[in-house]
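Novice: Sequence and predicted structure, then a few things I'm wondering about:
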Amino acid sequence: DVKVTQSSRYLVKRTGEKVFLECVQDMDHENMFWYRQDPGLGLRLIYFSYDVKMKEKGDIPEGYSVSREKKERFSLILESASTNQTSMYLCASSLRGEVYEQYFGPGTRLTVT
Amino acid sequence: AQSVTQLDSQVPVFEEAPVELRCNYSSSVSVYLFWYVQYPNQGLQLLLKYLSGSTLVKGINGFEAEFNKSQTSFHLRKPSVHISDTAEYFCAVRPFSGGYNKLIFGAGTRLAVHP
């Protein structure tokens, strides 16, 4: 059974804190993605990675960075959290190739106060 | 560039009634098309996808969608809904070439099935 796990379901942080969101997949997928989900906006791509140590900016990378040191793990970093980064964050993974399904984790609901 | 428009943000319907969730897209290149479903407090899971061939695609849980190239639409349908179909539904596209399997999502349609 395919599995994408995220380190926390709910997280509350203060403005200015450094925040790490972790994602792990057990399917040996090459591609991994970070999205944020906001009401009325759907899912927007923050960053993705197509291989270890490789990353590409998505549509809304400002204020975020990522790290992929191992194939199964993809981390999203908020260097200095701000209230406008309060959102649901979803991680996904897929095999390399354009027709393959993306598998999603359960999401992390981050609140920045 | 591609964009996806889901024409209804919310669709209320009674149990056992038919439902159609509408999706239109804009793209200068050919695309693959997907519908994902998100049940409350869960991540997204794939309902169905159109890659090529027959324009009528069948998915899980009795859903189907029809690709209409001339109208650039990919509407999702189910002939008889259940309470358990209450969820948010996302239409997504992926251009044919390049882009490392990046998906572009619509804003979502919240389906509420009432008894």
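Specialist: In hand now; what should we look at? Numbers count the residues shown, from 1 in each chain, chains lettered A, B, ... in the order given.

Novice: Tally up the residues packed near the residue of chain B found nearest chain A, please.
Specialist: Closest approach between chain B and chain A, counting by C-beta to the nearest C-beta: B:Gly43, at 3.5 Å. In this view, the C-beta of every residue, glycine as well, is placed from N, C-alpha and C. Residues lying near B:Gly43 (other C-beta atoms under 10 Å in any protein chain shown) number 19.

Novice: Now it: closest residue in space that isn't a chain neighbour?
Specialist: With C-beta to C-beta, 6 or more residues apart in numbering or on different chains as the measure, A:Phe104 is the residue that lies nearest to B:Gly43, at 3.5 Å, once sequence neighbours are left out.

Novice: Run through the strands of chain A in chain order.
Specialist: Assigned by DSSP state E, chain A shows strands spanning A:4-6, A:10-13, A:19-25, A:31-38, A:42-51, A:54-57, A:64-70, A:73-78, A:87-94, A:103-104, A:108-112.

Novice: The closest residue to B:Asp85 other than its chain neighbours in helix, strand or coil?
Specialist: Distances taken as C-beta to C-beta, 6+ apart place B:Val113 nearest to B:Asp85, at 5.3 Å, with adjacent residues excluded. Classification of B:Val113 by DSSP: H, G, I helix; E, B strand; the rest coil places it in strand.

Novice: I'd assumed B:Val13 was in contact with B:Val113.
Specialist: Yes - with contact defined as C-beta atoms under 8 Å, B:Val113 and B:Val13 form a contacting pair (5.7 Å).

Novice: Show the low-confidence segments of chain A, by residue range.
Specialist: A:1-2, A:98-99 (pLDDT under 70).

Novice: do chain B as well
Specialist: When residues are selected by pLDDT under 70, those of chain B lie in B:98-101.

Novice: ok, which residues in it are in contact with chain A?
Specialist: Residues of chain B lying near chain A by C-beta under 8 Å from any C-beta of the partner chain: B:4, B:6, B:9, B:32, B:36, B:41-46, B:49, B:51, B:90, B:94, B:96-97, B:99-103, B:105-108.

Novice: Would you mind listing which of those are buried?
Specialist: With burial judged by 16 or more other C-beta atoms under 10 Å in any protein chain shown, the buried subset of those is B:4, B:6, B:32, B:36, B:43-44, B:46, B:49, B:90, B:94, B:100-103, B:105-108.

Novice: residue contacts, the residue of chain B closest to chain A?
Specialist: Neighbouring residues of B:Gly43 by C-beta atoms under 8 Å, 6 or more residues apart in numbering or on different chains: A:4, A:90, A:92, A:104-107.

Novice: out of the residues you listed, which are buried?
Specialist: Buried members of these, scored by 16+ other C-beta under 10 Å, are A:4, A:90, A:92, A:104-105, A:107.
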